[in-house]
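Asker: Sequence first, predicted coordinates after that:
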There are 4 protein chains.
Amino acid sequence: MAEKTVCLTGKNLTISQVKEIAYENVKVEIAPEAMKKVQAARDLIFELDKRGVAVYGLNTGVGWNKDKVVYADRYDAYNKNLLRSHMIGVGPECTIPEVRATMAIRLNGFLCGNTGVAKEIAEYYLEFLNRGITPVMKSRGSVGEADIATLTAIGLTAIGEGEAWYGTERMDSMAALEKAGLKPLKMGPKDGLGIASSNAQGAAFATVGVIEAEEFIERYRRVFCLALEGLNGVLDPMDESVNAVRGYAGQAESARECRRLLKGSYLERPWEGRALQDPLSFRCQSAITGSVMDALEYLKKQLLVELNATDDNPCLLPEEDRMCGSPNFEPLSWVLAVEMTGIGLGHMSKMIAQQILRIGDPGFSKLNRFLTPQEGSVIAYGTIQKTVSVLDAENRMYANPCSLDFLSMAGNIEDTASNSAMAAMNMRKIIDNLYYMAAIELMHAAQAVDLRDHPVLGEGTRDFFEAYRKVVPYLDNDRNMSEDIQKSYDFLKSWEI
Amino acid sequence: MAEKTVCLTGKNLTISQVKEIAYENVKVEIAPEAMKKVQAARDLIFELDKRGVAVYGLNTGVGWNKDKVVYADRYDAYNKNLLRSHMIGVGPECTIPEVRATMAIRLNGFLCGNTGVAKEIAEYYLEFLNRGITPVMKSRGSVGEADIATLTAIGLTAIGEGEAWYGTERMDSMAALEKAGLKPLKMGPKDGLGIASSNAQGAAFATVGVIEAEEFIERYRRVFCLALEGLNGVLDPMDESVNAVRGYAGQAESARECRRLLKGSYLERPWEGRALQDPLSFRCQSAITGSVMDALEYLKKQLLVELNATDDNPCLLPEEDRMCGSPNFEPLSWVLAVEMTGIGLGHMSKMIAQQILRIGDPGFSKLNRFLTPQEGSVIAYGTIQKTVSVLDAENRMYANPCSLDFLSMAGNIEDTASNSAMAAMNMRKIIDNLYYMAAIELMHAAQAVDLRDHPVLGEGTRDFFEAYRKVVPYLDNDRNMSEDIQKSYDFLKSWEI
Amino acid sequence: MAEKTVCLTGKNLTISQVKEIAYENVKVEIAPEAMKKVQAARDLIFELDKRGVAVYGLNTGVGWNKDKVVYADRYDAYNKNLLRSHMIGVGPECTIPEVRATMAIRLNGFLCGNTGVAKEIAEYYLEFLNRGITPVMKSRGSVGEADIATLTAIGLTAIGEGEAWYGTERMDSMAALEKAGLKPLKMGPKDGLGIASSNAQGAAFATVGVIEAEEFIERYRRVFCLALEGLNGVLDPMDESVNAVRGYAGQAESARECRRLLKGSYLERPWEGRALQDPLSFRCQSAITGSVMDALEYLKKQLLVELNATDDNPCLLPEEDRMCGSPNFEPLSWVLAVEMTGIGLGHMSKMIAQQILRIGDPGFSKLNRFLTPQEGSVIAYGTIQKTVSVLDAENRMYANPCSLDFLSMAGNIEDTASNSAMAAMNMRKIIDNLYYMAAIELMHAAQAVDLRDHPVLGEGTRDFFEAYRKVVPYLDNDRNMSEDIQKSYDFLKSWEI
Amino acid sequence: MAEKTVCLTGKNLTISQVKEIAYENVKVEIAPEAMKKVQAARDLIFELDKRGVAVYGLNTGVGWNKDKVVYADRYDAYNKNLLRSHMIGVGPECTIPEVRATMAIRLNGFLCGNTGVAKEIAEYYLEFLNRGITPVMKSRGSVGEADIATLTAIGLTAIGEGEAWYGTERMDSMAALEKAGLKPLKMGPKDGLGIASSNAQGAAFATVGVIEAEEFIERYRRVFCLALEGLNGVLDPMDESVNAVRGYAGQAESARECRRLLKGSYLERPWEGRALQDPLSFRCQSAITGSVMDALEYLKKQLLVELNATDDNPCLLPEEDRMCGSPNFEPLSWVLAVEMTGIGLGHMSKMIAQQILRIGDPGFSKLNRFLTPQEGSVIAYGTIQKTVSVLDAENRMYANPCSLDFLSMAGNIEDTASNSAMAAMNMRKIIDNLYYMAAIELMHAAQAVDLRDHPVLGEGTRDFFEAYRKVVPYLDNDRNMSEDIQKSYDFLKSWEI
């Protein structure tokens, strides 16, 4: 892994590259032509100042203070003040991968060549990533028209203020810089604004959310297939032709993947007691999960634009030798996609909950009520439905949009917002709850398979079942369910895809 | 218009064709090869019955009754009962264009050749459209896993029960059939299910919603441009290069259209008192509106799949000489897109509201407070902000997803749902409120232009302003605002695009 | 009824008096001592003006214009402008009873003696009520910090502008005044503000909401009791001692009323096939309905304060010979109670929905599935559950609070709000949907009783069942359900309590 | 404090007693007559079993298993299984005070004498409280129709399973029992159900929520008064007579307390630059906060019923020598009050947010923009508004009701729910966010007072300001705001009331 590198160009950063940088500490490089664009924008800044043009964030204040003049001899002081006064986040703190994703995205943004920060700023982001410096960044504070409130933490570490992680050790930023062999940066014009005025935190949260959602769907698919085997369910709704004539990409892929996992399963053959049709929560699984996959495709499409484009204001246009006021910090297009995906995940929540209820019902499973091994003496999976219900209730809450709830701020100059980071966080909270729900479904699925006396499982569910049973054994008698849930959750989250 | 026809093939129905059929009464034809597919599916049904295969909705009951057998000699009775017992809607009633859109979409669905209804059913839908028979259909009742509750109204009219419009006259269905020279249909096997089991109502509501949203955006754009002229606002954020480097299609188009409308406007030249940057509600307009346009593109993409694909269960596959259980009635993929668009429109609501507040504020407009022609003696547009606020509050309510709120029904067989029709209706309620809000903004915009002593307007705003001033004159003294709002709303809704 | 009068004192207006005035056109009187208080406040106004005190709304503008001076010779013009410019409502229009309730409440507010309007203003409200003049008032426009946007309609009619109903005939206000033998009023100082600045519309909507909620609960109770008889359910949970030891007033009353209605029913005796315990939706009915009754008690308590107290600003204090700025137009305390009640009604919605699902399930009713008279050939009450589900989904939407969604208006002077009228309207929309749901439950309940071969019904359900069966007969074969729903709804709404 | 004891009777437990037990480790006693009632119920259980009566949870299963028979020789095993299988919570874990409050409330419930558990069960709860044993209990799992999912943790510790805190040390339950000199309990009939079937967790969360809300309001009031001094605001809206004529108890008390704190303040005298009226967020503070106090009064009233009444099913009625099925586990009446209070706190959130925005606006404060000590060179409190906005957005989310979002569980027997614990938790999350918001307002208030050159403060704000300035000094230059927020939050949370 040590040899692998990601080369940033400002143009083609992918979600899996962000994942490699954030979670796998892959080394990062900057493409030389990209660095030239950074420099060109910087040159333009000074040229414009020379020409006497008012440059927002350079020789003027920002926000409501945009009418105040900033003088050249105060660049360092002004930009440091800007970082300090814009450091306004409240907890909880971001995780190290979240901050790394943020830095990678912001760095790629600099490389578009529309920002105007000093080359050194970009270089420091690179070094932070490569030398393992991670500023301590709080998660709440941005309203999603540039994440000024939180991104400032990175700038503060660069000037030796605030706290940072060096590797996995937490310390004062100054100490971290020293350990890494770096000196505190001096701030030049627009550097503070360039660091702070970006959607990198929200975009990082959304990118991590996409990664988590896709991983969850992959893992959940095994749980579903095992549950279908537990139920002795019908394969028809995942028939290739049937899904082909419908025409939704997500649904077709979802069905195909399930067919692959269930290849060789006893479900492919007639079996006593199988119903003509299963409840919708099983029957429509490929369509419902597929709808979320469609939503994710749209989200990725819109998010990749953000990851590879400028969100700066003003927007430097070196090729046209000018600078222009810009609305490019508006991330709404992908924030809407985040919220749609959240609603979609809310539907997966309902679907999983209903599947759990059905599989515990003898009317559908033809097995003992609540999958007890022995009616009357073992209670098994009855009450656990309540946990499912309350997790789904939380998901219902997080599925509502939050992007519309904001104040008109800064003397009414900043009178719209998107709450991008909160929206992404809400989506991710749903995913975490879904892991708990899928864990509970897995408990049911495996128990049903055991009670059904082990019919032949599919190619993709066989090993999964075996591995799971090493962690959580057959429920032959009542035991502490809370522990089983946690073990199943941990099993699922660590299942290699 | 009389000559124009739309030829349905089951493959390429467009949103503008639905609009022509629904609103403009364009004649409809069925492509001959499509009709062959209808017949092929029908033949397969009888073939399967002969082979003794259990066919859902043919020789078995539907829903929880799927385990009940239906005998051949009772086809007509059974299918009529199915229509009657599934006629469960409650008011308000659909409009005639809504029902026409529904019939067109369902008819196109038959032509995919996976349903299995008699050819006569398809022909009756065609005749209803062409001869002006519109069944009276209630709007509430479907949970959006096929709109059984409401689509049955069409079947009832076909058998001569219930009520219908003939042209614009309301009467018993039997009378309408007679006037149109049609006889009540006899129902064959699966005809009832084929009529009822489709997402055509929800899809029609969503299609109408898309049409309304796009028309609104077109009209609103003029209001915005005039408001920007009223404000003496900044054009920079709509600069071509600036929007190009960002990379969002909707934003770029939105900015381009505004530039076109504002061509020649005094805003293209320096002007005294213009700010360096406008508030976000103005500055980010192209990006916010553009985000909704992006969302609409996704919605149209997903909706067009629905409009041109089977949503039947079971799915007849004549080419493979078989029938298969199917999840194809699951519309979630486009329903999620509807709800995303609703959230996006909620952002337009906030944006418009904030624009109105800003333009009434001398700090931004440099005009009199609340755009009064005379401070102290004329109150003008102060209190009207409350109407804006309460309309926005309603929009906030309708922007929440409703698709997640459903019961587990039919003995828990039907344990997921999408509320497609309600979701589309909520989106459309936002649009109607937006027209009121844009009407109020138009009142402000025109007043501000008047107060600013008529600087040169843009190519696209000039005529718009003139036409509006013929309907609502300059506010030189306080008058009944409620009337002005209504006139402005009517003006806007009838503005030819 | 003609002889009955309600005498207003400003101190003890009750909800049932508002009902009499609004719906039954009972004559209204003003207590003489109350009229003296109106005059005292008026005198103080002029006295203060003489002393040179700045009086908000008298010799100053209102809202953001509060810094503008108004001169005495312009009182009539200024106050008329105020009415016109504050006339900003949008449709739908209020019903006549809603406007009458509004006028009664505002009139009673004048009688508290803290407003300062001319005696004639109060007298005109009285005459409007007694002579059948009802101004045409739009329902949307207020944000619930005084319903300025809508109450102005009453003032406009008083000065002969806008439209009004005379009896049940709609006409120009001037014509209505003439028909009633009244002349247009001349406006004096603070008259405009006194008319407009009150929570009377929101309070009227809430009062009407309370009336509707209590009527609904009364009627629903019969439906529930009949449904319990249809189910062959358990009476235990309504046991007197059991409910007494719990200690909730609403629950105890709710159980007592049900016991009264079910007196003599076969449910009081053992009966074959009865379960040990019913599902929670039946078992907890008295507690759930009781919780809503508790909430209504709190709502009434808080609302009666509003109905009998000043909501004026400034607040005239004649006894202390002074006037004082006031926050008394803040209705939040009862608006919160409205929203709590809405959530409670949302629980009734869930409960009714679940009861309907259970009674159609043979596992619980021991009757035929979906209460069909003949399995296989009659489909009966299967699909109708979808209508229930979608009505409940709407109720879920309306149960969310709306009071928190407002803009900061009027140059940020008006930066909080309560949306009182919208909150009350949302609650009332739930109630209307509940009538539809209870209608559907009634269809089930009566059918179950019929299928159960008419066991002895309770004293309170017997007549109810008989009367209902005259409107909607036993379902012996499938028929248009939509019509049955509407008939049941009408039956229920007109059931005399 | 060591000497103080709380004597539980089942009849008059107060919220402040719960606070003493939960937070201050006050010793607990059981009133002897109460213990007699516990025994009487227990005796009745055995008597009924002897008579052959089916007793839910004694000789039958629970929930959907209620039709299964439980035999006497399996009491211990059955009840232990019940505890284990009902142990289904997921994290986060409850705090020690939360669990102590839960135990105190459940213990008091036993003392009502309607449960039927063995005396030893009650005694163990007492000993756990007095000897410092606190079972490790997870917070999520209950749907609020008895908190079975979580309360089982207490039973598990009593039988020596699961984990517990002994004092502040965490260990296996068995070890904790040993350290405390207790032996694992043997379970008798109905003991498992008696332990689990109660609303004690939800009630404890709500009680803690009430305590936190009241403490917050007390502390916030000081912040508000200081902010009003910072603003040079108007006292009129808190005038005694003005608030008296309105008639709302909370508003009157709220105004009275503010007057007390502001006694002697320069606000009592005329002062240059003071406005005629302040923005609503300041003007209506006493009414808005008062509305929340009214809501809290109602919540306390309904909650105290729960704290001092049985929530058992079946309900033992020893005085009537019988047992009866009961709906007494339905907590909806107080859960509705919790959700109303949450909405009310949401209004405080809006109000605080708006106050912060206003005080940073020179148009209102007549101080420097964003309260900077030096315009141009110090940025001060500009960006921090974003943190306020996003916290308020979270509060908006938590203010929506969650009680309506549940599944129909346990074979549809458990088809309603209240989500009591989640509702209370959401309310408490708002309060925590409000502390952050009030902290930010405190930063503004103190800065404004400093900038205003220290006019004479009120009797209640003087010391508060001085104490605060020792923790967070005057902002003379930009610094890390995130740290100031955290210090202010800690200061506020630890301010002794």
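Answerer: Okay, I see it. Just so we're clear, the structure is a prediction, and the values are computed from it rather than from any experiment.

Asker: what's near enough to touch A:Ile105?
Answerer: A:13, A:18, A:198, A:200, A:203-204, A:207, A:307 (CB atoms under 8 Å, 6 or more residues apart in numbering or on different chains). All C-beta spots, glycine's among them, are computed from the backbone N, C-alpha and C.

Asker: and if we set it to 6 Å?
Answerer: The contact partners of A:Ile105, taken as CB atoms under 6 Å, 6 or more residues apart in numbering or on different chains, are A:200, A:203-204, A:307.

Asker: roughly how far apart are A:Leu303 and chain C?
Answerer: From A:Leu303 across to chain C, the span is 28 Å (CB to the nearest CB, to the nearest Å).

Asker: Report how many residues lie close to that residue.
Answerer: 27 (other CB atoms under 10 Å in any protein chain shown).

Asker: Could you double-check that A:Trp142 lies in contact with A:Thr150?
Answerer: Quick fix: residue A:142 reads Ser, not Trp. Yes - in this structure, A:Ser142 is within contact of A:Thr150 by CB atoms under 6 Å, at 5.4 Å.

Asker: got the domain boundaries for chain A?
Answerer: A:5-198, A:206-311+A:329-494 (automatic domain parsing).

Asker: By mean pLDDT, show me the worst of those.
Answerer: When the domains of chain A are ranked by mean pLDDT, domain A:5-198 comes last with a mean of 93.

Asker: what sits in contact with each of A:Ser142 and A:Thr150?
Answerer: Common neighbours of A:Ser142 and A:Thr150, counting by CB under 6 Å, 6+ apart, are A:Gln201.

Asker: related to what we said a few turns ago, for the contacts of A:Ile105, give me JSON lines that also has neighbour count, secondary structure and distance to chain B.
Answerer: Shown next, in JSON lines, are these (neighbours: other CB atoms under 10 Å in any protein chain shown; DSSP: H, G, I helix; E, B strand; the rest coil; distance: CB to the nearest CB, whole Å):
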{"residue": "A:Ala200", "neighbour count": "30", "secondary structure": "helix", "distance to chain B": "15"}
{"residue": "A:Ala203", "neighbour count": "29", "secondary structure": "helix", "distance to chain B": "13"}
{"residue": "A:Ala204", "neighbour count": "29", "secondary structure": "helix", "distance to chain B": "18"}
{"residue": "A:Leu307", "neighbour count": "26", "secondary structure": "helix", "distance to chain B": "10"}
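
Asker: Of those residues, which are in range of chain C?
Answerer: When CB under 6 Å from any CB of the partner chain is applied, no member of those is adjacent to chain C.

Asker: quick one: contacts for the residue of the stretch 151-300 of chain A found nearest chain C?
Answerer: Here the stretch 151-300 of chain A gets closest to chain C at one residue, A:Leu280, 12.4 Å apart by CB to the nearest CB. By CB under 6 Å, 6+ apart, the contact set of A:Leu280 is B:414-416.

Asker: 8 Å - rerun?
Answerer: So A:Leu280 contacts A:354, B:145, B:330, B:413-417 (CB under 8 Å, 6+ apart).

Asker: Need phi/psi at it.
Answerer: Main-chain dihedrals, A:Leu280, degrees, to the nearest 10: phi -50, psi -30.

Asker: Find the nearest non-adjacent residue to it, please.
Answerer: Closest residue in space to A:Leu280, ignoring its immediate chain neighbours: B:Thr416 at 4.5 Å, by CB to CB, 6 or more residues apart in numbering or on different chains.

Asker: Quickly find the element holding that neighbour.
Answerer: Here B:Thr416, judged by DSSP states H and E, is contained in no helix and no strand.

Asker: count of residues packed around it?
Answerer: 28.

Asker: Pull the number of nearby residues for the closest residue to chain C within the stretch 101-250 of chain A.
Answerer: Distances between the stretch 101-250 of chain A and chain C by CB to the nearest CB are smallest at A:Val143, namely 15.1 Å. Using other CB under 10 Å, A:Val143 has 29 other residues around it.

Asker: of all the domains of chain A, which lies closest to C:Glu240?
Answerer: Checking the domains of chain A against C:Glu240 by CB to CB gives domain A:206-311+A:329-494 as the closest, at 30.5 Å.

Asker: who in chain A is up against chain C?
Answerer: Contact residues (CB under 8 Å from any CB of the partner chain) of chain A with chain C: A:407-408, A:412.

Asker: Counting neighbours, what do you get for the nearest residue to A:Phe46 once chain neighbours are set aside?
Answerer: Nearest residue to A:Phe46, sequence neighbours excluded (CB to CB, 6+ apart): A:Pro189, at 7.8 Å. A:Pro189 has 25 neighbouring residues, counting by other CB under 10 Å.

Asker: quick one: which of the residues of chain A next to chain C is most hemmed in?
Answerer: Counting by other CB under 10 Å, top hit in the residues of chain A next to chain C: A:Ser408 with 27 neighbours.

Asker: okay but A:Ile159 is in contact with A:Pro184, surely?
Answerer: Yes - in this structure A:Ile159 lies within contact range of A:Pro184 using CB atoms under 8 Å: 5.0 Å.

Asker: For the stretch 201-350 of chain A, give the residue positioned nearest to chain D.
Answerer: For the stretch 201-350 of chain A, CB to the nearest CB, closest residue to chain D: A:Lys350, 8.5 Å.

Asker: Just to check, that residue is in contact with A:Asp392?
Answerer: Yes - using CB under 8 Å, A:Lys350 is in contact with A:Asp392, at 6.5 Å.
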